[in-house]
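K.L.:
With the sequence up front, the predicted model follows.
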Amino acid sequence: MHINIETPHFVGVGGRVLLHACCAPCSSAIVEWMLGAGLHPTIYYFNPNIFPREEYEVRKNESQRHAAALDIEWVDDDWTHGEWLDGVCGLEHEPERGARCQRCFDIRLLAAARKAVELGIGVFATTLASSRWKSLAQIERAGSAAMAAVPGSVFWAQNWRKGGLQERRGELLRQYGFYNQQYCGCEFSMRADGSVT
């Protein structure tokens, strides 16, 4: 399948990119395309929003399994759910795509920008922009704010839903037998009965 995505000029020599990944299904087609384009992604798993801990671990293990299958670098960060809750305090009743989601993206992409610079990669992107349930405008605001706050970081604002990637995601999900979650991850995106809002 031909994926119609262009590599931006700021992905320099060596083609290293830190890819903040929320889960294996969302990162699979993006990583495959990056590798096919001669890029060298490092998957960065930082998702303190995910609740409960068991859900977090399942998604983390699937992401790690995917990276190991492709022999690419995978970086884990702590499950700092308490700090994340403090960060979104007062926004618990916001609707999806509201102020809580913006704050969540801000927290996670700031961490990604810092990690990209710490690892000497610089360029960072996120699989959040592959989900049709997320606001691309919010993600771009969060990435741009993180880039402004962290000298030496460059945010690759890419709509990963286009160019055939969404269809390829579905194929890879079945091929790998990935666990496919039914909600974004945070407890505020679930109803009391555990179903998605």
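P.N.:
Thanks, I have the structure now.
K.L.:
which stretches of the protein have low pLDDT?
P.N.:
1-4, 12-13, 191-197 (pLDDT under 70).
K.L.:
Would you mind finding the longest helix in it?
P.N.:
helix 99-118 (DSSP state H).
K.L.:
what comes up buried for that one?
P.N.:
100-117 (16 or more other C-beta atoms under 10 Å). No exception for glycine: its C-beta is placed from N, CA and C like everyone else's.
K.L.:
Let me know the next secondary structure element after it.
P.N.:
Next in sequence after helix 99-118, counting helices and strands by DSSP states H and E, comes strand 123-126.
K.L.:
okay, that following strand in PDB with CA atoms only?
P.N.:
In PDB, the C-alpha atoms belonging to strand 123-126 read as follows (Å, rounded to 0.1, in the frame of the first residue of the first chain):
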ATOM      1  CA  VAL A 123      12.200  16.200  16.400                       C
ATOM      2  CA  PHE A 124       9.100  14.800  18.100                       C
ATOM      3  CA  ALA A 125       5.600  13.700  16.800                       C
ATOM      4  CA  THR A 126       2.600  12.100  18.400                       C
END
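K.L.:
Mind listing the strands that strand pairs with, and their directions?
P.N.:
strand 16-20 (parallel), strand 154-155 (parallel) (DSSP bridges).
K.L.:
which residues sit against that strand?
P.N.:
10-12, 16-22, 30, 44, 108-109, 112-113, 115-116, 139, 143, 146, 153-158 (C-beta atoms under 8 Å, 6 or more residues apart in numbering).
K.L.:
now stretch 169-183
P.N.:
1, 23-26, 28-29, 32, 55, 58-59, 62, 65-66, 69, 130, 189-190, 195-197.
K.L.:
Can you list the buried residues in it?
P.N.:
Arg169, Leu172, Leu173, Phe178, Gln181, Tyr183.
K.L.:
So which residues of this protein form helices?
P.N.:
24-36, 53-70, 81-87, 99-118, 136-149, 165-176.
K.L.:
Save those as TSV, and put in distance to Glu6 too.
P.N.:
Formatted as TSV, these follow (distance: least, C-beta to C-beta, whole Å):
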stretch	distance to Glu6
helix 24-36	11
helix 53-70	22
helix 81-87	34
helix 99-118	20
helix 136-149	17
helix 165-176	13
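K.L.:
nearest to His93, of those helices?
P.N.:
Relative to His93, the nearest member of the helices of the chain by C-beta to C-beta is helix 99-118, separated by 8.3 Å.
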